[in-house]
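Novice: Pasting a predicted model and its sequence here:
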Amino acid sequence: TQLLEQSPQFLSIQEGENLTVYCNSSSVFSSLQWYRQEPGEGPVLLVTVVTGGEVKKLKRLTFQFGDARKDSSLHITAAQPGDTGLYLCVGEGGSYIPTFGRGTSLIVHP
Amino acid sequence: GAVVSQHPSRVICKSGTSVKIECRSLDFQATTMFWYRQFPKQSLMLMATSNEGSKATYEQGVEKDKFLINHASLTLSTLTVTSAHPEDSSFYICSASPTTGNSYNEQFFGPGTRLTVL
């Protein structure tokens, strides 16, 4: 069974601060997706990373896939209240059954 | 593109009744759809994998006779919560993986259904 450890589980910060969310596994993933979910809604896909060492940027969000494709990080620069939500990493290991991290609940205070 | 809808968005029912939730991929076909349950501020818990034209695959601990899944077409999967009880109250989310042009097995999620059993 593949496991994806996501940390931190909760994060409460002030507007303007930077933060990083980590997802780590002992398993290799063929791809990894990051989603953001707002209360009462379904998760929305932010990015997919597939190549070891890959870095993708989405405005103030920077996503990185580890060289060995076992870990990934999401870095948010100058967080804003609109970034508040639940961030999920989901790994694809080739079995078509996705592996979910436990989620990071982010609150950005104005 | 890649829009998934769920209906209803929220439902309140009495204990003992059955509730059907629909999940539709609006602009793509999906051989595989997934059903999840989510508790507040927690990640999604996979309940079952729904495969078009075949029986669903349930995760350990999920009662298949209680959570009936029907994936009758490439754009529709339904989850029926039978004889619902208050402990079944939760946020149910489906996702769909496009059958074609989806090399990375990306999933697209529905907006969720809030079930409250009185």
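Specialist: All right, it came through fine.

Novice: Stretch A:59-78 and chain B in contact?
Specialist: No: Stretch A:59-78 stays clear of chain B (CB under 8 Å from any CB of the partner chain), getting no nearer than 11.7 Å. (Each C-beta comes from the backbone N, C-alpha and C, glycine too.)

Novice: and the end-to-end length of that stretch?
Specialist: Criterion CA to CA, to the nearest Å; first-to-last residue distance in stretch A:59-78 is 11 Å.

Novice: can you pull the buried residues of it?
Specialist: Residues of stretch A:59-78 classed as buried by neighbour count (16 or more other CB atoms under 10 Å in any protein chain shown): A:61-66, A:69-76.

Novice: Over to stretch B:99-113?
Specialist: B:Asn102, B:Asn105, B:Glu106, B:Gln107, B:Phe108, B:Phe109, B:Gly110, B:Pro111, B:Gly112, B:Thr113.

Novice: Sitting in strands, which of these do you find?
Specialist: Among the buried residues of stretch B:99-113, the members found in strands (DSSP state E) are B:Phe108, B:Phe109, B:Thr113.

Novice: show me which of these neighbour chain A.
Specialist: Applying CB under 8 Å from any CB to these, those adjacent to chain A are B:Phe108, B:Phe109.

Novice: What's the per-residue pLDDT of the closest residue to A:Pro43 other than its chain neighbours here?
Specialist: Leaving aside its sequence neighbours, A:Pro43 sits nearest to A:Tyr35 (CB to CB, 6 or more residues apart in numbering or on different chains; 3.7 Å). Note on A:Tyr35: pLDDT of 96.

Novice: Sweet, I'm off.
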